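**Student:** After the sequence you'll find the predicted model.
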Number of protein chains: 2
Amino acid sequence: MAADQRPKADTLARRQRLISSSCRLFFPEDPVKIVRAQGQYMYDEQGAEYIDCINNVAHVGHCHPLVVRAAHEQNQVLNTNSRYLHDNIVDYAQRLSETLPEQLCVFYFLNSGSEANDLALRLARHYTGHQDVVVLDHAYHGHLSSLIDISPYKFRNLDGQKEWVHVAPLPDTYRGPYREDHPNPAMAYANEVKRLVSSAQEKGRKIAAFFAESLPSVGGQIIPPAGYFSQVADSREKTSSLTSSPWASPLAMATLLPAWPQPSLWRGHLKPPALSTSTRGVGLFIGVDLIKDEATRTPATEEAAYLVSRLKENYVLLSTDGPGRNILKFKPPMCFSLDNARQVVAKLDAILTDMEEKVRSCETLRLQP
Amino acid sequence: MAADQRPKADTLARRQRLISSSCRLFFPEDPVKIVRAQGQYMYDEQGAEYIDCINNVAHVGHCHPLVVRAAHEQNQVLNTNSRYLHDNIVDYAQRLSETLPEQLCVFYFLNSGSEANDLALRLARHYTGHQDVVVLDHAYHGHLSSLIDISPYKFRNLDGQKEWVHVAPLPDTYRGPYREDHPNPAMAYANEVKRLVSSAQEKGRKIAAFFAESLPSVGGQIIPPAGYFSQVADSREKTSSLTSSPWASPLAMATLLPAWPQPSLWRGHLKPPALSTSTRGVGLFIGVDLIKDEATRTPATEEAAYLVSRLKENYVLLSTDGPGRNILKFKPPMCFSLDNARQVVAKLDAILTDMEEKVRSCETLRLQP
């Protein structure tokens, strides 16, 4: 522990006194104090090293030296608004445009993903002259008033659904109305949206936009960070040569993860309650849906919370998501390695084996104090 | 011009092609390309030095070495979200709390002033269970949907006034309904708000909040910048000893500025059209209201635009504000020196003398190409 660090209990006490309780902590029953991070690792005040499976925002890895250097070089020279001409903003826009369809050729750089979605909503409403929005069930589009209104994940616990919001079913082929056994679930879910729009139009509502997915969060209202983000783009290309272990490519991750929640481990052994999984995802963003029962697919909410807490005690940072908070959500920085994946799998395996023992001997799955 | 810089015309062409025209440039008829800034100075691609009278966001000065160093030291170690415990966020909150009334003792750190105002609106509505908002005329509270709705400066040009927004007159003692000659303009304007609230309540409306002023923009949803802002606070105390010229204290600025728009210069000489002023402000944030005529106080809109453009040609960055866009708005970084104030006054004086000549010889005040 560095000499200038407060004891963790003191930091926690100050936090509880000074910062609103709406600002949630990870692992609220025993939060982690993180003082340093590098690549796919975070370090607590005791120097313990955690494997980070959740901070995809630091997507080329925490404190990437090229990114840190680019920010520092720019901060020394200029950091101001975009009402002056500057090369970075136009060069970065040009670079982005080369990766996008031809029609996406005009750029706005904003402060956060929330500000970007708020602007997207304004643009759609201004262009169409309409007000209504179609969204997917359980979606989260940001933390601003305008976005809470179109985020079922949020508004269900707050002000409820506005008359200008239309909620389409989540195209979930595991627990939704159309599943793996449906001949064409994609078309079936698309038809649900079509029906929803027709029904709204019959009532005289006019649709401005369909928010199917959050826009990527790319900051940079202030000009020079455009250089910073350019550097992030560069770093993505260079990261594999900078990290010591082989980079867990999206392919590697995708082939490894579906392998480890083996039916032999997850199914059959853990009963009662039976615990099973469905794994899905794109690239390094992977969800593992824990269920109590194959037939009903009941979310294994408590088991998921227990598992994530035990993983934290074993220096693996992971979180849950989904309406049942039973989906293990992997979204590590892109420098997450094959070795990291193997370590995480080994720890998951050990904890699951222990959970199985406990369940067999009829112990309650209880979080350690 | 640095070797890796694009020619200014090329930067402008790329900007016009790639960045939305809604993202305005200063001096759109001949924008400035700024490549570097230090303290109260900005530098264009030719190395020309501009005195910066407008960038109050960089309030201890552009690229302050202590602030740049603090950001770099933090970026090398950790830059993540606030769901982990960290000393910076609690120590900075503690430091802020010591400068505020006892009741203001719970903190939220947000990404921008707009996100802060959006949250303030949500808090007020949640706490009161009411929806309506009282705002001042011509106010601007941010660029998000929810804030455009409560910003007469914005909504008058967009969707208009919502039924839940109540606009009180701006307490302007120069051009508003109650002026310098009123026995108690403060009470008179406060009574206007009272009347507005009563009238709304009679119609069954329920007021959630009175937005009288924008909240200060303090970034930092990501934890470690709390250290950065602490460093900004430190730097404010240390700035005067770091700059070579004496610091123009708010007092010095306030005493100097009302002195230079002398009635002898501004009144009497410039007719037709007669040009006069009213100077007001707090600290280094000062407005000079240019008028065409003493009796009617008609805003001198074109003259203000011409003056600001001529100042830019003379390497002084200044802007206008107000419903008539006739108010010269001074809001320099706090390292703005007495010498800077003298230089700006001398240049203003020279340009005004020239404007006077032109008006005498019946020339049109025309912006140089």
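**Tutor:** On my side now, so go ahead.
**Student:** Quick check: which helices or strands does the helix or strand where residue A:342 lies pack against?
**Tutor:** Taking DSSP states H and E as the definition, residue A:342 sits inside helix A:338-360. Packing partners of helix A:338-360 (3 or more C-beta pairs under 8 Å, 6 or more residues apart in numbering or on different chains; DSSP states H and E): strand A:49-52, helix A:250-256, helix A:263-266, helix A:301-313, strand A:316-317. The way it works is simple: take the backbone N, C-alpha and C, and place the C-beta from them, glycine included.
**Student:** The ones you listed: lowest mean pLDDT?
**Tutor:** Ranked by mean pLDDT, the helices and strands packed on helix A:338-360 end with helix A:263-266 at the bottom, a mean of 32.
**Student:** Can you pull out the low-pLDDT segments for chain A?
**Tutor:** Applying pLDDT under 70 to chain A flags residues A:1-4, A:213-283, A:359-360, A:362-369.
**Student:** Where do the helices of it begin and end?
**Tutor:** In chain A, the helices defined using DSSP state H lie at A:8-18, A:65-77, A:87-97, A:113-128, A:145-148, A:152-155, A:185-202, A:225-242, A:250-256, A:263-266, A:301-313, A:338-360.
**Student:** Buried deepest among those, which one?
**Tutor:** helix A:145-148 (a mean of 23; mean count of other C-beta atoms under 10 Å in any protein chain shown).
**Student:** In JSON lines: the helices of chain A, plus distance to residue B:20.
**Tutor:** What follows is the helices of chain A, written out as JSON lines (distance: least, C-beta to C-beta, whole Å):
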{"stretch": "helix A:8-18", "distance to residue B:20": "39"}
{"stretch": "helix A:65-77", "distance to residue B:20": "23"}
{"stretch": "helix A:87-97", "distance to residue B:20": "10"}
{"stretch": "helix A:113-128", "distance to residue B:20": "9"}
{"stretch": "helix A:145-148", "distance to residue B:20": "19"}
{"stretch": "helix A:152-155", "distance to residue B:20": "28"}
{"stretch": "helix A:185-202", "distance to residue B:20": "28"}
{"stretch": "helix A:225-242", "distance to residue B:20": "15"}
{"stretch": "helix A:250-256", "distance to residue B:20": "32"}
{"stretch": "helix A:263-266", "distance to residue B:20": "50"}
{"stretch": "helix A:301-313", "distance to residue B:20": "42"}
{"stretch": "helix A:338-360", "distance to residue B:20": "41"}
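**Student:** of all the ones you listed, which lies closest to residue B:310?
**Tutor:** helix A:87-97 (27.4 Å; C-beta to C-beta).
**Student:** got the angle for the closest one vs helix B:8-18?
**Tutor:** 40 degrees (axes from the mean of the first three to the mean of the last three C-alpha atoms, to 10 degrees).
**Student:** which other helices and strands contact helix A:87-97?
**Tutor:** helix A:225-242, helix B:8-18.
**Student:** starting at the chain centroid, how far to that helix?
**Tutor:** 27 Å (C-alpha atoms, centre = their mean, to the nearest Å).
**Student:** Neighbours of the residue lying closest to residue A:49 once chain neighbours are set aside, how many?
**Tutor:** Spatial nearest neighbour of residue A:49, excluding adjacent residues (C-beta to C-beta, 6 or more residues apart in numbering or on different chains): residue A:41 at 5.3 Å. Neighbours of residue A:41 under the rule other C-beta atoms under 10 Å in any protein chain shown: 18.
**Student:** Over to the one 5 residues further on?
**Tutor:** As a burial measure, residue A:46 scores 9 neighbours (other C-beta under 10 Å).
**Student:** Report the beta-bridge partner residues of the residue nearest to residue A:49.
**Tutor:** In this entry, residue A:41 is beta-bridged to residue A:38, residue A:51, by DSSP bridges.
**Student:** So what sits opposite residue A:107 in the bridge?
**Tutor:** Going by DSSP bridges, residue A:107 forms beta bridges with residue B:19.
**Student:** my guess is the residue nearest to residue A:49 meets residue A:48, correct?
**Tutor:** No - look at residue A:41 against residue A:48 with C-beta atoms under 8 Å: they stay out of range, at 10.2 Å.
**Student:** which ones are touching residue A:344?
**Tutor:** Going by C-beta atoms under 8 Å, 6 or more residues apart in numbering or on different chains, residue A:344 touches A:51, A:53, A:311, A:316, A:318.
**Student:** Quick one: residues contacting the residue nearest to residue A:200 when sequence neighbours are not counted.
**Tutor:** Nearest residue to residue A:200, sequence neighbours excluded (C-beta to C-beta, 6+ apart): residue A:166, at 5.2 Å. Contacts here follow C-beta under 8 Å, 6+ apart; on that basis residue A:166 touches A:132, A:133, A:134, A:135, A:196, A:197, A:200, A:205, A:207.
**Student:** and the gap between the second one and chain B?
**Tutor:** Distance, residue A:133 to chain B, using C-beta to the nearest C-beta, to the nearest Å: 12 Å.
**Student:** Let me see the contact set for that residue.
**Tutor:** A:121, A:124, A:150, A:164, A:165, A:166, A:207, A:208, A:209, A:210, A:211 are the contacts of residue A:133 under C-beta under 8 Å, 6+ apart.
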